[in-house]
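[1] Provide a 3D model corresponding to the input given below.
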Amino acid sequence: MTADQVNAVAPALTKFFSAQTMSAGSSGWLSDSFVTKQNVDGLVNYESVLLSMNASGKLREPLSIVYPSDGVVTADYPLTLLTDANDDARSAHQRLTDYLRTPDVQREIMDTTRRRPAVPGVPLSDQFGARDLVELPFPTGHDTIDALLSAYFNKIRRPSRTLYVLDTSGSMKGDRIAALKSALVALTRADNSTVGRYRG
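    Now for the predicted structure:
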């Protein structure tokens, strides 16, 4: 995908998203809201969340899960050792990783969380309607990533209204007011640094 392709499809995606009536910052809040209200015709969420909703017994009728024919995106959250670990910590991390990747544990994770196995050789259970999925590659060019983010935040998604209540009293002097200003810059997407552009 290129930046030009992103800009070319942005108008159609904007029209598609104009029908959106419910959105959320987290998959859990979105699914909980759907279960409570059940007043929209469809829901875009993780496969595991949709399967869990169907299995919960809380829906008036089960969701029909639709898989895009041109491909899907996989959410990948690797188990990472974040500290300057010593040999003992690295060894423990490796043992845990190896344990989680065993076929029996992968099957248990699949059955309880409705997530697909992360290792080959573990057959999918019957709960997964689509067996083989086309996985879309993540864009590799900065210009394409910038175009995607800009199109989504500035054109495609439904505008939201956010109110901030800021404490600027005397108790906020010094580091506190500086931290508040920094947080506000990040929240309002006014931070044009590399970190700021790709954060939230």
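[2] And the pLDDT for the residue of the chain positioned farthest from its centre?
    Seen from the C-alpha centroid of the chain, the residue lying at the greatest distance (Cα atoms, centre = their mean) is residue 170, 38.8 Å away. According to the prediction, residue 170 has pLDDT 91.
[3] What of residue 160?
    Reported pLDDT for residue 160: 69.
[4] do residue 199 as well
    57.
[5] now the helices for the chain?
    Per DSSP state H, the chain carries helices over the ranges 3-17, 27-37, 47-55, 87-100, 103-113, 142-151, 175-187, 194-198.
[6] Give me the neighbour count for the closest residue to residue 127 other than its chain neighbours.
    In space, and not counting its chain neighbours, residue 127 is closest to residue 51: 5.7 Å by Cβ to Cβ, 6 or more residues apart in numbering. Every residue, glycine included, has its C-beta placed from N, CA and C. Neighbour count of residue 51, defined by other Cβ atoms under 10 Å: 20.
[7] any idea how far residue 51 is from residue 67?
    Separation of residue 51 from residue 67 (Cβ to Cβ, to the nearest Å): 12 Å.
[8] Packed most tightly, which of the helices of the chain would that be?
    When you average the neighbours per residue for each of the helices of the chain (mean count of other Cβ atoms under 10 Å), helix 47-55 leads with a mean of 18.
[9] list the contacts for the nearest residue in space to residue 3 that is not next to it in sequence?
    Leaving aside its chain neighbours, residue 3 sits nearest to residue 147 (3.8 Å; criterion: Cβ to Cβ, 6+ apart). Shown in contact with residue 147 (Cβ atoms under 8 Å, 6 or more residues apart in numbering): 3, 6, 7.
[10] pLDDT and distance to residue 179 added to those residues, as JSON lines?
    What follows is these, written out as JSON lines (pLDDT from 0 to 100; distance: Cβ to Cβ, whole Å):
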{"residue": "3", "pLDDT": "90", "distance to residue 179": "35"}
{"residue": "6", "pLDDT": "90", "distance to residue 179": "35"}
{"residue": "7", "pLDDT": "90", "distance to residue 179": "37"}
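[11] for the residues you listed, which one is nearest residue 25?
    Among the contacts of residue 147, residue 6 lies closest to residue 25 (Cβ to Cβ), at 22.9 Å.
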